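[1] Provide a 3D model corresponding to the input given below.
(5 chains, ligands or ions: 4)
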Amino acid sequence: MNRIAISDVRKTFQLKPGQSVVIDGHASDRIPVLSGVDLDIRKGEFITLVGPSGSGKSVLLDIIAGLTEPSSGFAAIDGHKVTRPHQETAYVFQQYALFPWRTALQNVEYPLEVRGVGRAARRVKAQHFLSLFGLTGFEDRYPSQLSGGMQQRVAIARALSTDPEVLLMDEPFAALDAQTRDILQSELLRIWEQIKTTVVFVTHSIDEAIFLADRIVVMTARPARVKESIDVDLPRPRDIEIRNSAAFNAYRARVWDALREEVRKAQQDWALASAYNA
Amino acid sequence: MNRIAISDVRKTFQLKPGQSVVIDGHASDRIPVLSGVDLDIRKGEFITLVGPSGSGKSVLLDIIAGLTEPSSGFAAIDGHKVTRPHQETAYVFQQYALFPWRTALQNVEYPLEVRGVGRAARRVKAQHFLSLFGLTGFEDRYPSQLSGGMQQRVAIARALSTDPEVLLMDEPFAALDAQTRDILQSELLRIWEQIKTTVVFVTHSIDEAIFLADRIVVMTARPARVKESIDVDLPRPRDIEIRNSAAFNAYRARVWDALREEVRKAQQDWALASAYNA
Amino acid sequence: RAADKPEVIRIGSTAPGHLKFILYRNKKLLEQEFAKDGIRVELATFDGGGPASVAIGSGAIEFTYIGNNPSLRLGATGADVKAIGLSSWVPSNETLIVVRPDSPIQKLEELKGKKVAVLTGTVRHSTFAKALKDTGVSIKDVELLNIGIESSGPALARGDVDAIVESTGPAQKLVDAGGARVLFDAGVSGKKEWAVPHVLSVNGAFARKYPDIVARLLALDIATARWADANPEETIQIFVKETGSSEKAVRSTYSDGKFWQDPKLTDEAIRSLQGEEAFMADAGLLKGKVDYDKWIDRSYYEAAQKKLANN
Amino acid sequence: MTLATDKSTDVPPRLWWNRPAFLPSPSTLRQAIHTIGLGLPALLVLALLWEVAPRLGWINAIFFPPLSQVLAALGDMIASGLLARHIGISLERAAVGFLLAVVVAIPLGLLMGRYSLFEKLSDFLVQTLRNTSQFALLPVFILVLGIGEASKIAITFYAAVFFLLINTIVGVKSVDPLHIKAARSMGTSDWDLFRKVILPSAVPSIVAGARLGVKSSLFSVIAAEMLAAQSGIGYLIQNASLMLETDRMYAGILTLTVIGFLLNYALVAFEAQATRWRASEDKGLA
Amino acid sequence: MTLATDKSTDVPPRLWWNRPAFLPSPSTLRQAIHTIGLGLPALLVLALLWEVAPRLGWINAIFFPPLSQVLAALGDMIASGLLARHIGISLERAAVGFLLAVVVAIPLGLLMGRYSLFEKLSDFLVQTLRNTSQFALLPVFILVLGIGEASKIAITFYAAVFFLLINTIVGVKSVDPLHIKAARSMGTSDWDLFRKVILPSAVPSIVAGARLGVKSSLFSVIAAEMLAAQSGIGYLIQNASLMLETDRMYAGILTLTVIGFLLNYALVAFEAQATRWRASEDKGLA
Ligand SMILES: Nc1ncnc2c1ncn2[C@@H]1O[C@H](COP(=O)(O)OP(=O)(O)OP(=O)(O)O)[C@@H](O)[C@H]1O
Ligand SMILES: Nc1ncnc2c1ncn2[C@@H]1O[C@H](COP(=O)(O)OP(=O)(O)OP(=O)(O)O)[C@@H](O)[C@H]1O
Ligand SMILES: [Mg+2]
Ligand SMILES: [Mg+2]
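    Ligands and ions are numbered 1, 2, ... in the order given. Below you'll find the predicted structure:
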């Protein structure tokens, strides 16, 4: 059975009074974001999601997480329709979403705390995950005292600390330096290969998308559907060197091809070619 | 004369009561972040700043922007010590920092407004910059109604709208999809070549750092100093294809070399190799 | 020698009502009298004698028509205030003592050891003490609760207090509404010597500066007192209308169509005030002593009479 | 807790901009009707209780007359024009005092919230005054300002000013530091920082203070008018209370409650308008 | 405006954790001394004015005696043990009423702030009660609760509860929706959401409400004790006022002010502790 089933999910946002958007030439106060997303994800599969900025990737993750209700259609986990956040789902947000009143350690402890894990046990576990992400010594620091990359690492540690069965990650590595990013990609794969969590990972980096995925899902421009689903047949475990392989290059070209048109569509009325008047 | 002069800048943060950090084996409640940064930036120069996560890049930009006071040393613009934000400096923050109570258009209008630009003029200008970044039709949307990438583009439009002489950018393209990122990189260079603003650009992408820069400044691990300053002698205007050139590859290797040790240092006590206990 | 005229004359009194004050208000007598000189007149009702005393003592107002207890206390502080006449000297002291309709209490002396609501330091308080003493009970043997009718009424209804000592007006209303029974009416069973005059006072500084204005006001005061006695029906109607008191209560207070409004500070009146002062000191309701020579000033009354005689 | 559904509010686009700002938008109106529909039942129960309790003798009817009787008294007072005259006077007093408080407290609060040195210099004084009952200051007001309008307005001012002040300070302090940082980086002057960044952020807190302040000003009018008044709703209530005319007394109190209630919702509507961007930010979230 | 300097607070590391939570940390103490040093001058000016104004005849000394005379009276009252007895009684009454208000208002406010349906159902009722002067409810309190302790406590309760309620609601509504989203994604139960996310976010606003509520409870004790009390500081003040013993009256008022002042700073310290993470978030920023 599929772990996650997404069936004809549509989502339309109601704008606030006074706002409007022009769609097909006439004004409307509703903005369609997802227009029939169908996607089945196997247990233990690692999916990466790519698509133009503003296409609806974050909204789709919100729906899988049970945080936003689709306007029609549904997402299901293990055959059960998602109507609220699922105990076994963890979510790393694009904007970190750490609690500013908790220290790094207390932030990582949080999901364990609400699951009733004992004080000592959760402290050990949280410390373990912080050290895993190079944050030993920063346990009692508040988010405002950490750099952007450190905050993002705390957020990932927090998501992993509950050993989730479904892991939703929204551009988790965007704020990291190149080498840390490489290390964490490898580390994420290593962890994933041990626990075989089902992962849905949004990224803007095509290299990252290929390197991590069992399957790359390319979304269309808004209103989004699944444009293409590309199986990545690269051997595992994968080494960083694999990026220089011919197979990797072929995938790069394929994803790029699928994406190019959508990004262009999304930028249809961009004025980027216009002259700059200083 | 140099547009920006940074002279022996040091910055130490005082921790909050109860917090401590272990430095060289003994506990302290002060964390040194910058330890003597010297850097001169010519008028019209495009500098990119790379360094490990948490090394102090954002803090350095804050100091140039006049938002944080160095513990010792100083930053100067046009020979005048920076003690407050400079009228001709614009700053794109790592966390967007849009005003949630203003629409996209009103956010871009903001810096014009506080400079006393008339209502009609600033509206035209703001609309121009929004269209430049593909946000036509989203003028009256509040930040909470925009995707991450859209928010970041609004933030960039806001910074450019005042034709700043010094432009500080902290990972401005991190939240963008790959192709949008490529387009905006080229577009930024095109704009820059017209107005020859002095740019200090923090990035985690080595490719981006090389593609954009006149000079790449590599920072050490915390407490940070300038490790190396690499002049990029690639012809301008640059095309996206330049990345496949041998010269580009050589720079890639050089930056990577300079960075590798620092990132390793920053990760000294990382437990990434540790076994994962699921 | 008369200084420039004042801009405004402010007169304070306490609710429910000093009769002459109410007649002024109703018939705009003072306004008419002083309008010809371009002097404004303001009539203010105070929430008790205390604030009114502060106001006149500090010069925030010029005249007061208030009870003898607060007047004596103010006199004892040595504040620059002169007693220049009487507001009234009504034999009943306008005091009723009421109990619940179903109360077993039938006689005043049965209040011994009971809870009684009375506003501390008012004329009612002193009248109650005298009435009790007359039956051989000390007021110290009664548990006094310092609350007004708006609270004591509900408390009586609940049985939290056993009796209320109040002004005739509101107390009679409570009786009329079936909420209480009269235990003791000072107007009927009270002794004449319990009654102590209420006082008309003036701010000292004002009086020294505008003696003629003070005399004119007193002249009008005398005339008003006479008018009331000459027109009893109209006076009662005005009083009832202005205060909302029950007509029955008003008639019983001013029985025989006499209103007791003559402002003259007779020796008898002063002796009565002195007696009250002694009583208050004894009951712990007064600190200090009143210097009558300093406090009482009859010169304005005399000037007023001259004015009236000349007219 | 299950997922909340998006609440569709089908508004003709752009209408909001064409409409004068002081008129409620159709969606605001629609929402108001919704709010009233849900809020009314509890009120009606209260009204019923008020009618029934005295009638059935649960509570003494002399001191707490049934609602119908109070409304009858209110009707008389309205018909005779008595109420209108006295209310007008009281509202003017409360309004002047309250507006003075707004004019003083908001700038002062912005300064105290923003500049810690300024706050430290003045905080003790403010806290001392704030913790001194206006009851206690009444004699001082009389001594300094007399018993005229000035004193009454001073009392309503004093009653409102600290609510506004404290909540303005709290509002200023809870502004996101990142927004201040961003504004400062764009060369925002101190003056613009207050107007364009701190004030919009602090509006909810300030409005909460204003809601408390309005109520307090209004109530303190009663106190002020009892002190030495010849007019005003406080005088009316006091008089009725002393004469045990409880129906008239409650009619006066009811009037005050209704006025306070209406002012409260006027402020709530103002806040909703001023924080439109925030409204239903988590639309579609459970 | 130039750049602010980092304020060094040299605290031995970890000390805060070793110390019982109820003791102020050395840095808190140090800061307190700093605050007092800066705050005192304005207070001293006020005190001087109080001493000098009556002495020079700017204000009538009989009704507003100089500070020294008031302090002498206060000294007498302290020496005789009179003050301690009456204050104890009053504080107990205020404390019981206030704590009851906390217990009622915070859960209710959390619910009203979070569930808009619940708020809509109850808001009208709450606003009606809130806008009804407690003065008006006095007869009702007496009829229902009598004139004993219950009534007095009810009055102090009523005086505090709406401040706490309104500010709790505001606090809840200003929680960052992203934090709620994150918490919900981690499977937080409604109960934990209140305890671990909404409450910590709402603390500053709730404490602001508590500061207003404490003051209001305390003041309303005066009012309550004027209603048929034979003890308590309100009774003391009332008595002194009646007897025109203004020095004793102001001594009582001063005592109340000092108590309110101290409670206020206790709450401020509590808030500082509870929002340590927020304190000087923009340290080093101008
Ligand atoms: N609450 C909302 N109200 C109105 N429109 C919204 C709302 N939330 C999202 N949208 C719109 O939905 C679209 C998709 O948003 P989403 O955040 O899912 O994009 P995304 O694919 O994650 O983009 P990015 O890569 O830039 O993060 C955007 O056009 C955005 O403006
Ligand atoms: N207010 C503060 N108090 C204490 N430490 C701070 C504070 N601000 C920053 N730091 C520390 O300073 C260091 C540098 O932070 P900075 O944000 O400049 O890093 P960065 O180089 O921008 O990293 P990233 O690439 O992850 O954004 C970090 O170790 C951080 O913990
Ligand atoms: Mg997104
Ligand atoms: Mg950074």
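
[2] rest of the way, CA atoms for contacts and neighbours
    Fine.

[3] top helix in the chain by residue count?
    Just going to use chain A. Assignment by DSSP state H gives helix A:246-266 as the longest helix of chain A.

[4] You answered for a different chain; I wanted chain D.
    In chain D, assigned by DSSP H, the helix with the most residues is helix D:82-114.

[5] quick check, that helix touching chain E?
    No - applying C-alpha under 8 Å from any C-alpha of the partner chain, one finds helix D:82-114 separated from chain E by no less than 10.8 Å.

[6] Which secondary structure elements does that helix sit against?
    Counting contacts by 3 or more C-alpha pairs under 8 Å, 6 or more residues apart in numbering or on different chains; DSSP states H and E, helix D:82-114 packs against helix D:116-130, helix D:149-173, helix D:199-228, helix D:233-242.

[7] and it with helix D:233-242, angle?
    Helix D:82-114 and helix D:233-242 are oriented at 120 degrees to each other (axes from the mean of the first three to the mean of the last three C-alpha atoms, to 10 degrees).

[8] Name the SS class of A:Ala97, please.
    The three-state assignment at A:Ala97 reads coil, by DSSP: H, G, I helix; E, B strand; the rest coil.

[9] Could you double-check that it sits in contact with E:His179?
    Yes - using C-alpha atoms under 8 Å, A:Ala97 is in contact with E:His179, at 6.0 Å.

[10] thought A:Leu34 was touching A:Met219?
    No - using C-alpha under 8 Å, A:Leu34 is not in contact with A:Met219, being 9.9 Å away.

[11] In what element of secondary structure is A:Glu187 found?
    Using DSSP states H and E, A:Glu187 maps to helix A:178-195.

[12] helices and strands of chain A: which one has the lowest mean pLDDT?
    The weakest-scoring helix or strand in chain A, judged by mean pLDDT, DSSP states H and E, is strand A:21-23 (a mean of 71).

[13] Between helix D:149-173 and the longest helix of chain D, find me the angle.
    With the same axes, to 10 degrees defining the directions, helix D:82-114 sits at 40 degrees from helix D:149-173.

[14] Report the separation between the residue of the stretch 201-311 of chain C found nearest ligand 1 and D:Leu236.
    Nearest residue of the stretch 201-311 of chain C to ligand 1 (C-alpha to the nearest ligand atom) works out as C:Gly244 at 62.9 Å. With distances taken as C-alpha to C-alpha, to the nearest Å, C:Gly244 is found 12 Å from D:Leu236.

[15] Now the common contact residues for these two.
    Common neighbours of C:Gly244 and D:Leu236 (criterion: C-alpha atoms under 8 Å, 6 or more residues apart in numbering or on different chains): none identified.

[16] Can you list the buried residues in stretch D:128-146?
    Of the residues in stretch D:128-146, D:128-144, D:146 count as buried by neighbour count, 16 or more other C-alpha atoms under 10 Å in any protein chain shown.

[17] do stretch D:89-108 as well
    By neighbour count with 16+ other C-alpha under 10 Å, stretch D:89-108 contains the buried residues D:90-91, D:93-102, D:105-106, D:108.

[18] go on, stretch D:249-268?
    For stretch D:249-268, the neighbour count (16+ other C-alpha under 10 Å) marks D:249-257, D:259-261, D:263-264, D:267-268 as buried.

[19] okay, C:Gly244 and D:Leu236: which has more neighbours?
    D:Leu236 (24 against 19; other C-alpha atoms under 10 Å in any protein chain shown).

[20] Spatially, what comes nearest to that one if we skip its sequence neighbours?
    D:Gly252 (7.1 Å; C-alpha to C-alpha, 6 or more residues apart in numbering or on different chains).

[21] just to confirm, which helix or strand has C:Ile9 in it?
    In this assignment (DSSP H and E), C:Ile9 forms part of strand C:8-14.

[22] Low-confidence bits of the stretch 51-200 of chain D, can you list those?
    Residue ranges of the stretch 51-200 of chain D with pLDDT under 70: D:135-136.

[23] Just the closest residue of it to chain C, please.
    At 4.7 Å from chain C, D:Gly146 is the closest residue in the stretch 51-200 of chain D, using C-alpha to the nearest C-alpha.

[24] if I pick that residue, what's in contact with it?
    Listed by C-alpha under 8 Å, 6+ apart, the contact partners of D:Gly146 are C:55, C:59-61.

[25] hang on, the earlier thing: which strands and helices sit next to the helix or strand hosting the residue nearest to D:Leu236?
    Using DSSP H and E, D:Gly252 falls within helix D:246-274. Applying 3+ C-alpha pairs under 8 Å, 6+ apart, one finds that helix D:246-274 makes contact with helix D:67-79, helix D:199-228, helix D:233-242, helix E:116-130.

[26] coming back round to it: now the longest helix of chain A against helix B:178-195, angle please.
    Between helix A:246-266 and helix B:178-195, the angle comes out at 70 degrees (the same axes, to 10 degrees).

[27] So what's the gap between helix A:246-266 and the chain middle?
    Helix A:246-266 sits 19 Å away from the centroid of its parent chain (C-alpha atoms, centre = their mean, to the nearest Å).

[28] likewise stretch A:192-202?
    The answer for stretch A:192-202 is 12 Å, by C-alpha atoms, centre = their mean.

[29] Looking at the stretch 101-250 of chain C, what residue ends up closest to ligand 4?
    Residue of the stretch 101-250 of chain C nearest ligand 4, by C-alpha to the ion: C:Ser151 (67.3 Å).

[30] now do the stretch 101-250 of chain D
    Using C-alpha to the ion, the single residue of the stretch 101-250 of chain D nearest to ligand 4 is D:Leu178, 13.4 Å away.

[31] and what of chain C?
    When scored by C-alpha to the ion, chain C has C:Pro51 as its residue closest to ligand 4, at 66.3 Å.

[32] In a helix, that residue, correct?
    Yes - counting by three-state DSSP, C:Pro51 is part of a helix.

[33] Around it, count how many other residues there are.
    C:Pro51 has 22 neighbours, counted by other C-alpha under 10 Å.

[34] now D:Gly57
    By other C-alpha under 10 Å, the burial measure for D:Gly57, its neighbour count, is 9.

[35] circling back to that earlier point, please name the nearest non-neighbouring residue to the residue of the stretch 201-311 of chain C closest to ligand 1.
    Of all residues not flanking C:Gly244 in the chain, D:Met243 sits nearest, at 6.5 Å (C-alpha to C-alpha, 6+ apart).

[36] Does C:Trp194 touch C:Thr127 like I think?
    Yes - C:Trp194 lies in contact with C:Thr127 (C-alpha under 8 Å); the separation is 6.5 Å.
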